[in-house]
Every structure is written in C-alpha cells, then in structure tokens.
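# heads up, no residue letters with this:
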Ligand code: SF4
C-alpha cells in the first residue's frame with residue numbers, strides 16, 4: 001500500500017462503543033499522529049486518553065507477522081490448507097456442531113459478516129459466538145423481549161437534550177469518556193440538567209452526579225421495579241402511550257407492586273429517603289434518558305434489569321423522543337456491527353431470528369446456502385464447556401483473548417489446551433490465548449485494515465488503512481474467505497474487497513424487507529469501491545443524504561415496534577434475592593475497567609503514556625473491611641474464589657462500598673504474575689441472554705505476607721521475573737516493575753542481573769539489617785536498570801525513577817542519587833500520574849491548589865493538565881475537593 005504522507009486519513013477509534021472519528025496522519029519520517037475528527041458526529045473532534053495515545057500503540061513489537069503451524073513458520077497456503085482440511089475432516093467425521101468459531105467485537109463488520117456466513121450458511125452450524133456475549137448480550141435480549149427487535153431507540157444527542165440522565169452500572173467517565181465529556185459540556189450550558197449515578201462504587205463519574213445511589217450489587221431490578229410501582233401510584237404514567245403502543249402493562253405493574261418501598265430499600269441497600277428523592281425526580285422529569293452498560297448487562301439477572309428499565313420508559317412514553325429513552329452503551333468498538341450481521345450463536349444475519357423458519361429460509365435463499373443452521377448454536381460459556389468436554393474438536397478464535405476474558409478462565413484455558421485443533425487469528429505473537437494455538441494466523445491491525453464499524457447510536461463509520469500491512473499479515477475477512485474457498489465454497493466467498501462484502505451485507509438487510517425489520521441499509525447495496533472509500537458516517541435508519549439530526553434517526557416515539565402486533569411488550573419482573581456470599585467467601589467482587597487501559601492491554605499496554613496512570617493490578621477495599629481483614633494500603637493481597645486466585649495491590653478507599661471489592665479486568669500473564677481476574681469469576685449466566693455474571697463473584701481476601709517488596713526500572717522488557725508478585729508496565733525509557741517476595745533470602749545482585757542484565761558497571765547499597773537494597777547498573781552513561789528493595793512497599797517516586805532511564809548519568813553524584821532512591825531538591829516528586837497527555841502528577845496538582853488554583857480550568861492554565869483529552873478532569877476536581885476539605889478541617 002502506498003502511503004500518502006500529505007493526507008490525513010479519516011478513520012474510527014478501535015476501542016470503545018462511542019465510536020469516535022479519528023484523523024490519522026503519517027509524516028514523511030514515518031511518524032504517525034492522530035487527532036479527533038471535528039466532523040465526526042460521535043465526538044466532534046474530542047478524543048479520550050486512549051484515543052489520543054493511539055499513535056503509541058502501532059509499533060510492530062510483538063507482532064505476529066507470519067503464519068505458523070505448531071510454532072513453525074509456514075507459507076499462507078500451507079496454513080490455510082491445514083485449517084480448511086482439518087475443519088472439513090472434523091465436520092465429515094463428527095458433524096457440523098463439532099466445530100466452532102469464537103469471534104470478537106473488535107472485528108470489522110465485513111470480517112464478522114464473512115465468518116458468520118461461513119458458519120451458519122455453509123458449515124451448517126450456529127456455533128459462532130463472540131466476546132460481545134460478555135459485553136451486551138443482555139441488552140440484545142432485553143430489546144428483543146420488549147421491542148421485538150434489537151433496536152437502540154435513541155442517539156447521543158439525547159444525552160445533551162435530556163433534563164435528567166440516570167447512569168446505571170456505568171462508569172462513563174472512564175469507560176465511555178467522550179460521552180461523559182459531551183454530557184459534562186451540556187451540563188455546563190444547562191446547569192439545571194440533573195444526573196443520577198446508580199453504582200455500588202463512587203466512581204469518577206460521581207464527579208458530575210447530583211445524586212449517587214450506592215446500590216447493593218445486583219439491586220437494579222428491585223430499584224426499577226420499585227420505580228414502576230411508584231410511577232403507577234403517583235399518577236405519573238403516560239396512559240395514552242401505554243394504551244396505543246404497548247401490551248402487558250397491568251401484569252408488569254402487578255408484579256412490581258409485590259415490593260413496597262421498604263422491600264426495595266432492603267433489596268437495594270438504599271434508604272427510603274434516597275429512593276423517594278430519585279423516584280420523584282424521575283416521575284416529574286419528562287426528558288429522561290437512562291444510560292446503562294456493563295453493570296447492568298454482566299449479571300445473572302441482566303436481561304431482567306434491562307427490561308425493568310425499559311418498562312419505566314414505556315410506562316411514561318419516554319422513548320425515541322429528543323432527550324428521552326433507555327440507552328444501552330456498548331463496551332466494544334463494533335459490538336453493534338456484530339449484532340447487525342447476526343454474529344452471535346442465537347441470531348441470524350441482518351437482525352433476523354435464527355428460531356424463525358421464515359427468516360432462516362430467507363437468508364438461505366439470499367446466500368444460496370447449501371446447509372443452513374437450523375437452530376441456535378452454543379453461546380460463549382457453553383461453547384467453551386463443549387470444548388472442555390470434547391464435543392467441540394476444532395475451534396477458531398479470531399481477534400480475542402478468552403483465556404483472560406472468559407469467566408472461570410483457568411477452566412477455559414484448560415479446555416483450549418486440551419482441544420485437538422485450535423486456530424487463532426491475531427495481531428500479536430504472544431497472548432495468553434495465542435500460546436495454545438496449533439495454527440497462528442497473522443491478522444492486520446488497526447491502521448492497516450479497511451472496513452466499517454457501528455457505534456452505540458447505530459452510526460456506521462469507516463475504519464480506513466493508513467499503514468501498509470506488515471510482514472504477511474492479512475485482513476480477517478480475507479483469511480476466512482480463503483478457508484471457505486478451500487473448503488469448497490469459493491463461489492459464495494469470491495469477494496475481492498471489503499466494499500463488496502459491505503454491499504452484500506447491505507443488500508441482505510433490505511432483502512424481502514417490507515419494513516418488518518428495523519435494520520435496513522439497502523440504500524448502500526449498490527455501493528462501489530469509490531463510494532465505499534468516501535463513505536461518510538451515517539446512522540441507520542437515516543437514508544443517505546438525510547439530515548444527521550433528523551427525528552427519523554430515533555425509533556418508537558410513535559410506537560411501530562417490531563413485534564407481530566406492532567406493540568411493545570411490558571415484561572413482568574420480580575426481583576429475586578441472590579445471596580452468594582458465605583463464611584468462606586464473605587465479600588462481593590465487582591470487576592471493571594480503568595481509565596487508560598482497555599480489555600487485555602494488547603494495545604494500550606504498548607503505550608508509556610497510558611501505562612503510567614495505573615501500572616499494576618489492584619483491588620479497592622473499604623477502610624472498615626480493610627481493618628477487619630488486617631489489610632493496609634499498598635499491601636499485596638490474595639483474592640480467592642472457589643475457582644482460582646489473584647495477587648494484586650490493595651487500595652483502601654471509602655469510594656468502595658463496604659462488603660464489596662472492586663478490581664480491574666485488564667491484567668494478563670503477559671503483564672503480571674497472577675492478575676487474571678476472570679480466573680475468579682464463575683460461569684454463571686443470565687438465563688435469557690447467556691451473558692456471564694462477570695460483575696458479581698463471592699470472594700475472600702487476605703494479606704499476602706510478603707517478606708520483601710521491590711520496584712525496578714529497566715531499558716529492556718524483563719524476561720520471566722522470579723518474584724512471587726510482579727507487574728510490568730511500559731514507561732518512556734523502557735519498563736517498570738513492581739515486585740513482592742515470599743522470601744527475603746535472595747541474592748539481590750543476582751536478581752538484578754537477571755532482571756536487567758549483568759553489567760560490570762554496577763553500583764549497590766545494602767543494609768541487610770534494615771532489609772534495604774538498591775542496585776543500579778549502567779551501560780556507558782545510560783542507566784540500564786535500577787532495583788529498589790525494602791521490607792515494606794518501596795517509597796521511591798515511580799515517575800522520577802522511570803525518568804532516569806532517559807537521562808545520562810556521567811558523574812558519580814547522579815549515580816549515587818539513583819542508589820539513594822531520590823530526586824535532587826530541584827526535582828520534586830510529581831506523584832502518581834493524573835493527566836496522561838501532559839504527564840502531570842497528583843503532587844503537582846496538589847501544589848498548584850495550595851498555591852491558589854481552585855478550579856479545573858485554573859489547573860489547566862497553570863499545568864496544562866486536563867486541557868487535551870479531558871479524561872482526567874474528574875480526578876483533578878477530586879484533588880481540589882480533597883484539599884478544600886482538608887483546609888476546612
Ligand atoms: S471515547 Fe475514547 S476509547 Fe471510546 S471511541 Fe472515543 S476516543 Fe476511543
């Protein structure tokens with residue numbers, strides 16, 4: 001591919017479901033820069049910290065560049081032949097359900113379409129499921145129960161038009177930062193806008209909330225059934241909407257009335273006063289949007305939570321209107337595109353239903369498919385159980401890392417290890433999943449591939465290549481189509497470009513569609529390569545050329561649901577009390593994300609900027625629980641469930657609800673000794689959607705009795721680290737590692753040499769009685785590495801130590817300063833990084849506050865912090881507030 005250095009390429013961010021537009025530019029020297037696309041209607045030029053750092057994540061370090069079979073480099077034709085022949089033979093011997101694809105919301109729509117077509121129309125099985133099952137399957141199921149279709153009714157603009165936004169189980173400030181910024185900006189213009197946060201944790205999103213309801217884990221069903229009852233009791237219903245456009249209201253209201261306010265208070269852990277204030281605010285605010293995300297979806301009652309929320313919006317007629325509606329936001333960049341192509345085991349292409357014989361017949365006709373799947377396939381959790389018990393004998397994993405992200409992850413890893421034939425298509429040569437593949441297929445990455453993605457508001461945008469494909473990497477759609485050809489289906493997989501696949505996908509959406517199906521982008525069925533290349537973001541059902549903000553971009557304000565009678569269905573819901581803790585596992589662990597990392601860190605872990613915000617796995621614990629379990633701040637702790645254990649750093653904070661813990665899901669065996677959080681979670685699923693309850697697992701916590709702690713920086717990434725606890729993170733000059741040891745009888749010089757290489761030029765300080773050891777190794781004037789060991793958490797400024805890797809150390813004075821473990825007086829410690837864009841630390845912000853800065857804007861003027869992507873503004877405000885409280889005491 002030719003690179004046009006003068007041109008900025010319009011593409012889309014590959015992280016979350018906000019789907020921000022990005023302008024990427026390759027300079028003459030090959031340097032890539034990115035900025036937000038001011039014309040993209042999802043972000044209007046904004047990017048969060050992750051989007052802003054995309055250019056730091058596109059190097060070729062660790063890339064899988066050639067096909068491999070059993071670790072041996074092979075030619076593409078040999079690899080493809082092995083995949084096709086083994087799948088064909090397995091199907092011939094054991095039937096189509098003996099094979100499976102496990103795909104990903106990171107695939108582009110065109111990749112997804114081809115994989116789904118091969119499995120459902122040509123292999124004849126529906127054993128294709130996706131990591132989106134872990135993300136938003138309960139929203140899909142809730143939509144289909146209520147609306148008869150998987151339709152998101154609203155648009156992002158509704159978040160700016162609403163008078164009340166209820167955020168349920170959503171840390172928007174960190175997980176969908178640009179949406180958070182859009183809301184924050186709208187609120188600045190209209191301070192009367194109210195925001196309610198429903199979350200067991202006081203997350204950074206609470207920064208803009210007027211009310212934080214610290215709900216008990218899984219208390220959401222009770223909260224919203226209680227709200228429906230309240231709306232009924234307080235004459236706050238839209239009777240006309242209910243009568244004209246819905247069915248089942250009386251049964252839903254009756255079910256809700258089983259719980260009185262005291263019952264709701266008990267089930268939610270909220271006071272009757274808090275409930276009353278929230279219910280009253282909701283009842284009297286016409287323009288209300290309820291936004292929900294993984295805290296709702298990742299639950300064994302996720303579908304009921306979704307329908308409990310939708311019930312309240314249907315009952316008030318607040319749906320599909322400017323500033324009003326239920327709104328599910330997806331975690332992944334293309335979860336919605338996957339839904340559109342039907343890339344889940346219980347769906348069919350183009351929002352058709354696999355259980356519906358007429359839909360199956362229609363898709364069969366369109367594809368001219370020889371062996372159409374006749375029934376739903378195995379959903380993710382059941383799929384890996386089938387891999388484990390031998391029913392699935394050939395598995396192809398594309399663009400995802402189930403050894404880390406599936407619940408009961410150790411069992412999933414054991415199943416993959418035992419599977420007779422595993423193919424993994426990935427961009428990296430080494431992930432916790434790739435290590436078990438018999439065949440490894442190098443896929444193109446963001447920046448190298450072309451296709452489309454759909455964001456949470458149904459907006460389809462192009463991802464465009466601006467870099468050449470490295471080595472022998474190929475797009476996922478090409479790999480699947482080649483395997484299909486070798487399996488004998490070449491005629492139906494003869495697409496030469498993603499544009500041709502998109503045109504077929506668009507044509508299928510319109511095929512025999514008389515308006516009975518919501519998803520119809522048939523206007524693009526005749527798209528050619530040139531038009532596809534120039535395709536601007538569009539939001540279905542808007543047809544090409546319609547105004548981007550026309551009311552027709554919303555659904556259901558006037559009914560017209562996709563049920564047989566055209567009416568929405570109220571779902572009667574009864575909260576079920578679920579107590580999963582016991583004496584052995586007395587705490588509930590809530591899992592989630594951090595601001596600057598994403599999924600299993602295969603991309604964000606490459607960025608020094610993103611890795612400096614939070615550099616190791618941690619658990620948040622309430623001070624009372626910490627005291628009860630004998631845990632201090634910064635201790636290493638072991639968290640265990642009946643399935644596994646992790647070792648993480650303790651963070652004692654009153655943000656955390658008592659009785660619950662919070663830990664992020666990002667760390668893998670590539671970045672930490674024992675940080676794979678989903679080794680703890682159970683394969684318990686929602687009975688309707690099959691989505692696992694990743695947010696809620698009973699655990700115990702205990703202090704890990706470390707005899708010694710350590711911290712090290714080094715230029716080269718360390719090989720396996722011989723410490724009981726370690727966590728490695730990229731920093732500007734190299735790598736940093738946090739360490740803890742079960743034993744302190746260690747040859748520290750030998751340990752340091754193993755960590756950053758033996759050097760004749762080493763400086764060491766040992767105080768064996770105090771358990772203090774500091775060792776620095778030099779390579780000419782550069783620091784090769786430095787190790788600091790202490791009997792407790794090491795009190796060395798991480799930022800300062802990492803900076804030493806980039807500086808020269810010619811004189812003894814500078815070298816001794818490293819071994820002393822401190823900056824000179826002229827270099828005060830910046831503290832933990834808050835603003836990743838400008839590398840501004842907490843200590844610098846606190847100092848600026850002490851010097852008179854009292855607003856986020858004034859901190860921005862003084863330090864620049866918070867003035868680029870804005871993802872850290874909530875944290876800056878928290879520091880200002882903490883100083884204000886401190887000063888008042
Ligand atoms: S909010 Fe951030 S991560 Fe999400 S799409 Fe936008 S820039 Fe990417």
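Done, it's in. Worth saying up front: this structure is predicted, and the values here are computed from it rather than measured.
# Point me to the residue of the stretch 351-500 of the chain nearest the ligand.
In the stretch 351-500 of the chain, the residue that lies nearest the ligand is residue 455 (7.7 Å; CB to the nearest ligand atom). Heads up, the C-betas are built off the backbone N, CA and C, glycines and all.
# That residue: how many residues sit nearby?
31 (other CB atoms under 10 Å).
# Please apply the same query to the one 5 residues further on.
When neighbours are defined as other CB under 10 Å, residue 460 has 25 of them.
# Residue 889 too?
Residue 889: 4 neighbours (other CB under 10 Å).
# What distance do you get for it to the ligand?
From residue 889 over to the ligand the distance is 37 Å, taken as CB to the nearest ligand atom, to the nearest Å.
# returning to that earlier point: got the contact list for the residue nearest to the residue of the stretch 351-500 of the chain closest to the ligand when sequence neighbours are not counted?
Spatial nearest neighbour of residue 455, chain neighbours left out: residue 19 (2.6 Å); criterion: CB to CB, 6 or more residues apart in numbering. The neighbours of residue 19, taking CB atoms under 8 Å, 6 or more residues apart in numbering as the test, are 12-13, 42, 333, 453-457, 459, 461.
# Tell me which of those residues has the lowest pLDDT.
For the contacts of residue 19, the weakest pLDDT value sits at residue 333, with 90.
# Roughly how far does it sit from residue 405?
15 Å (CB to CB, to the nearest Å).
# Show me the longest helix that occurs in this protein.
helix 76-94 (DSSP state H).
# now the helix or strand just after it, how far from the centre of its chain.
Beyond helix 76-94 on the C-terminal side, the first helix or strand identified by DSSP states H and E is strand 99-103. Relative to its parent chain, strand 99-103 has a centroid offset of 21 Å by CA atoms, centre = their mean, to the nearest Å.
# Stretch 19-34 too?
23 Å.
# List the buried residues of the helix or strand of the chain with the lowest mean pLDDT.
In the chain, no helix or strand scores lower on mean pLDDT, DSSP states H and E than helix 873-888, which sits at a mean of 79. Within helix 873-888, the residues that count as buried by 16 or more other CB atoms under 10 Å are 873-880, 883.
# Backbone dihedrals for residue 679, please?
Backbone torsions of residue 679, given as degrees, to the nearest 10, read phi -70, psi -20.
# what about residue 597, which helix or strand?
Judged by DSSP H and E, residue 597 forms part of no helix or strand.
# So what's the residue count around the spatially closest residue to residue 472 that is not a sequence neighbour?
In space, residue 472 comes closest to residue 66 once its chain neighbours are excluded; the distance is 5.1 Å by CB to CB, 6+ apart. Residues near residue 66, counting by other CB under 10 Å, number 17.
# My guess is residue 66 contacts residue 439. True?
No. Taking CB atoms under 8 Å as the definition, residue 66 is not a contact partner of residue 439, at 11.9 Å.
# For the stretch 551-700 of the chain, which segments count as strands?
In the stretch 551-700 of the chain, the segments counted as strands under DSSP state E, counting those that start in this stretch are 568-569, 587-592, 618-621, 636-640, 645-652, 660-664, 697-703.
# Give me whichever of those strands is most buried.
Mean neighbours per residue, mean count of other CB atoms under 10 Å, is largest over the strands of the stretch 551-700 of the chain for strand 568-569, with a mean of 25.
# How about the backbone phi and psi for whichever residue of the stretch 101-250 of the chain sits closest to the ligand?
Of all residues in the stretch 101-250 of the chain, the one sitting closest to the ligand is residue 178 (3.7 Å; CB to the nearest ligand atom). When read as degrees, to the nearest 10, the backbone of residue 178 gives phi -70, psi -30.
# Name the nearest residue to residue 180, ignoring sequence neighbours.
residue 172 (4.2 Å).
# dump the residue contacts of the one you found.
179-180, 183, 205, 291, 293, 329.
# Near the ligand, which residues of the stretch 101-250 of the chain are found?
176-178 (CB under 6 Å from any ligand atom).
# Kindly reformat the residues you listed as CSV containing neighbour count.
Listed next are these as CSV, based on neighbours: other CB atoms under 10 Å:
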residue, neighbour count
176, 26
177, 33
178, 26
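# hang on, the earlier thing: give me the subset of the contacts of residue 19 lying in strands.
12, 453-454, 459, 461 (DSSP state E).
# List the buried residues in stretch 274-291.
Quick answer for stretch 274-291 (16+ other CB under 10 Å): 274-275, 277-279, 281-283, 285, 287-291.
# And the ligand, is that stretch touching that?
No. Stretch 274-291 is not in contact with the ligand by CB under 6 Å from any ligand atom; minimum separation 13.9 Å.
# and the residue in the chain that the ligand sits nearest to, how many residues sit next to it?
Using CB to the nearest ligand atom, residue 51 is the residue of the chain that sits closest to the ligand, at 2.5 Å. Residues contacting residue 51 under the criterion other CB under 10 Å number 25.
# a helix runs through it, doesn't it?
Yes. Residue 51 sits within a helix when classified using DSSP: H, G, I helix; E, B strand; the rest coil.
# On the pLDDT front, check it for me.
At residue 51, the model reports a pLDDT of 96.
# Now do the contacts for it.
Neighbours of residue 51 in contact, by CB under 8 Å, 6+ apart: 13, 15, 20, 22, 34, 36, 178, 869.
# do you know how far it is from residue 858?
26 Å.
# circling back to that earlier point, farthest-apart pair in the contacts of residue 51, please.
Using CB to CB, the contacts of residue 51 reach their maximum pairwise distance at 34 and 178, which is 14.0 Å.
# Show me the common contact partners of these two, please.
47, 51.
# Close to the ligand: what parts of the chain are there?
13, 15-16, 18-20, 43, 47-48, 50-51, 176-178.
# how does it look with 8 Å?
12-20, 22, 36, 42-43, 46-52, 176-179, 333, 455, 598, 869, 871 (CB under 8 Å from any ligand atom).
# Kindly write the PyMOL command that selects the buried subset of the residues you listed.
In PyMOL, a selection of the buried entries from the residues of the chain next to the ligand looks like this (16+ other CB under 10 Å):
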select buried, resi 12+13+14+15+16+17+18+19+20+22+36+42+43+46+47+48+49+50+51+52+176+177+178+179+333+455+598+869+871
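# which ones are touching residue 379?
Per CB under 8 Å, 6+ apart, neighbours of residue 379: 129, 133, 137, 344-346, 685, 690.
# So for it, what's the nearest residue that isn't a sequence neighbour?
Nearest to residue 379 is residue 690, by CB to CB, 6+ apart, at 3.6 Å.
# can you pull the pLDDT of the one you found?
Looking at residue 690, the pLDDT reads 96.
# surely it meets residue 140?
No. The pair residue 690 / residue 140 is not scored as a contact, 10.2 Å apart, by CB under 8 Å.
# The two: which is more packed in?
residue 140 (30 against 24).
# Please identify the helix or strand for the more buried one.
helix 137-147.
# hey, where'd the strands end up in the stretch 301-450 of the chain?
325-328, 394-398, 421-426, 439-442.
# Low-confidence stretches in the stretch 601-750 of the chain?
For the stretch 601-750 of the chain, not a single residue meets the criterion pLDDT under 70.
# er, the chain actually
Using pLDDT under 70, the chain drops low at 1-6, 543-552, 579, 823-829.
# give me that answer again for 50
Along the chain, segments meeting pLDDT under 50 span 545-550.
# which ones are touching the residue nearest to residue 472?
With CB under 8 Å, 6+ apart, residue 66 has these contacts: 73-74, 442, 471-472.
# In PyMOL, how would I pick out whichever of those are buried, leaving the exposed ones unselected?
Of the contacts of residue 66, the buried ones go into a single PyMOL selection, burial set by 16+ other CB under 10 Å:
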select buried, resi 74+442
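# and the two most separated of the contacts of residue 66?
So, those by CB to CB: farthest apart are 74 and 471, at 13.2 Å.
# circling back: got TSV for the strands of the stretch 551-700 of the chain, with distance to residue 796 too?
Listed next are the strands of the stretch 551-700 of the chain as TSV, based on distance: least, CB to CB, whole Å:
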stretch	distance to residue 796
strand 568-569	59
strand 587-592	29
strand 618-621	18
strand 636-640	17
strand 645-652	15
strand 660-664	24
strand 697-703	22
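# All set, thanks.
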